[in-house]
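> Need a 3D model of the sequence below.
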Amino acid sequence: MFRRIAAFFLLLWVFGFLWFAVTLPQPADGQRTDAVIVLTGGPGRIPRAINVLREGLAPRLLVSGVDPEVRTVEFAREYNVSERLMQCCITLGYRAFDTRSNAVEAGNWLRANGARSVRVVTVDWHMRRAAYELGRALPAHIAVLRDAVHSEPSLQVLFLEYHKLLARWMIDTWQRLRQ
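Numbers count the residues shown, from 1 in each chain. Presented below is the predicted three-dimensional model:
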């Protein structure tokens, strides 16, 4: 009996990992949202979010998880952003240091700005966990559009991210069951 249960969970894990690795989230279409949030940490994320802003798909941008050492002027120079665009439309968020704190920082910023919809920009392998954390931190009335930046993740990156997502989901499930 134990072998059958173990085999069942092993198969569930294998098929879950295959699903996770093969069906990575894709870039979003040209849908407009009230805001865009980019989670720092990988190539292509910030340029994608700035392009969304420049294309008029969102009127304001939160860059969540900016290193406290980075100044606004340095950021603008690095990403070729005009002073006018920086002042009107881009907020650098310095309070986040991981995906969970990104979600908290984003939720606070979205509530303060009265947003009803948000485009989330992060790399494809990170999108599911980022969207999960945002779903926990945001009010239910805020619609989330996932805009994944394409990457070529290694098997190691996929393996680690899959287990982070599973662990988070299992911890939340355990906490709900205990209540």
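> residues contacting the most centrally placed residue in the chain?
What sits nearest the mean C-alpha location of the chain, by C-alpha atoms, centre = their mean, is Ala130, with 3.7 Å. Ala130 is in contact with 39, 99, 102-103, 120, 122, counting by C-beta atoms under 8 Å, 6 or more residues apart in numbering. In this view, the C-beta of every residue, glycine as well, is placed from N, C-alpha and C.
> Can you tell me which of these is nearest Pro25?
Among these, Thr122 lies closest to Pro25 (C-beta to C-beta), at 9.0 Å.
> is it true that the closest one touches Leu39?
Yes. If you go by C-beta atoms under 8 Å, Thr122 and Leu39 touch, sitting 4.4 Å apart.
> what secondary structure does the residue nearest to the centre of the chain sit in?
What DSSP: H, G, I helix; E, B strand; the rest coil gives for Ala130 is helix.
> Could you check how far the residue lying closest to Ala76 once chain neighbours are set aside is from Arg77?
The shortest distance from Ala76 to any non-neighbouring residue, by C-beta to C-beta, 6 or more residues apart in numbering, is to Met86 (5.0 Å). Distance, Met86 to Arg77, using C-beta to C-beta, to the nearest Å: 10 Å.
> When the two are compared, which one has more neighbours?
Met86 (17 against 10; other C-beta atoms under 10 Å).
> ok, now which ones touch the more buried one?
Here Met86 is in contact with 72, 75-76 (C-beta under 8 Å, 6+ apart).
> A helix includes it, no?
Yes. Per three-state DSSP, Met86 lies within a helix segment.
> Render the CA-only coordinates of stretch 30-41 in PDB, please.
C-alpha atoms of stretch 30-41 as PDB (Å, rounded to 0.1, in the frame of the first residue of the first chain):
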ATOM      1  CA  GLY A  30      -1.300  44.700 -26.100                       C
ATOM      2  CA  GLN A  31      -4.000  44.800 -23.400                       C
ATOM      3  CA  ARG A  32      -4.000  48.100 -21.400                       C
ATOM      4  CA  THR A  33      -3.900  48.100 -17.600                       C
ATOM      5  CA  ASP A  34      -4.000  50.800 -14.900                       C
ATOM      6  CA  ALA A  35      -0.400  50.000 -13.900                       C
ATOM      7  CA  VAL A  36       2.600  47.800 -14.600                       C
ATOM      8  CA  ILE A  37       4.900  46.200 -12.000                       C
ATOM      9  CA  VAL A  38       8.200  44.700 -12.800                       C
ATOM     10  CA  LEU A  39      10.000  42.500 -10.400                       C
ATOM     11  CA  THR A  40      13.800  43.000 -10.600                       C
ATOM     12  CA  GLY A  41      16.300  40.200 -10.800                       C
END
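> buried ones in that stretch?
33-41 (16 or more other C-beta atoms under 10 Å).
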